[in-house]
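Visitor: have a look; sequence and predicted model below, questions after that.
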Amino acid sequence: MPSKPDLISWTQSHLGALYEARDEEAFTSAFDAVFFPSCKVRENHTPSTLSNFTNGILSHSAASAGVTLSWENLITTGDSTDEPSVVSGTLIVTRYLKFLIRAAPAQHQTYINFSAKVENRVVQADEYDDLRHITSLYYSSVDTTPPIHFATPHPVSQDKQK
């Protein structure tokens, strides 16, 4: 049996699967693999529910034709699979929308800062017999649209017009 991934790799693969899911069945499977059913959620410093968190992710991905993830500054308090650990960092989700702007897919970016408490909880084990699940999540996000760069018109001098 392969060894269990370290906590940062586990977080990247399990949280990333939520944002990369192409259909509701894949999303539900990824969600069940990462969150403990009674997980405590705080979104943008406000108490929330897993249901609201789920609806937020699904609503953002509705018009998406593709997604790329970029992880930054991931740190962890420990990598023990026996004791609770905390992993935190930044996730940048770039969604490519189904319509074009200047012959390229429109983009939408979400910058997410998160802190997740991960514990061994018996719900369902994954392919590594890994019982880790997120039991508490602090999540702050900001949505942005990358700027559209239009060509700068250049004035034509009178000499060049003749």
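Guide: Arrived safely. Computed from a predicted structure; not experimentally measured.
Visitor: okay, now the unreliable bits of the protein?
Guide: Applying pLDDT under 70 to the predicted model, the residue ranges of the chain that meet it are 1-2, 79-82, 100-104, 121-129, 147-154, 156-162.
Visitor: so where do the helices sit in it?
Guide: For the chain, the helices defined by DSSP state H occupy 7-20, 24-34, 50-61, 158-161.
Visitor: just tell me which of these ends up closest to Tyr139.
Guide: Taking CB to CB, helix 50-61 is the member of the helices of the chain nearest to Tyr139, at 7.1 Å. Any C-beta I mention is one placed from the backbone N, CA and C, and that applies to glycine too.
Visitor: got the CA coordinates for that closest one in CSV?
Guide: Once side chains and other backbone atoms are set aside, the C-alpha atoms of helix 50-61 remain, and they are given as CSV (Å, rounded to 0.1, in the frame of the first residue of the first chain):
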residue,chain,number,x,y,z
LEU,A,50,-21.0,23.8,4.8
SER,A,51,-24.1,24.1,2.7
ASN,A,52,-23.5,27.9,2.1
PHE,A,53,-19.8,27.1,1.4
THR,A,54,-20.7,24.4,-1.1
ASN,A,55,-23.3,26.7,-2.9
GLY,A,56,-20.7,29.4,-3.2
ILE,A,57,-18.2,27.1,-4.9
LEU,A,58,-20.8,25.6,-7.2
SER,A,59,-22.2,29.1,-8.2
HIS,A,60,-18.8,30.3,-9.1
SER,A,61,-18.1,27.3,-11.3
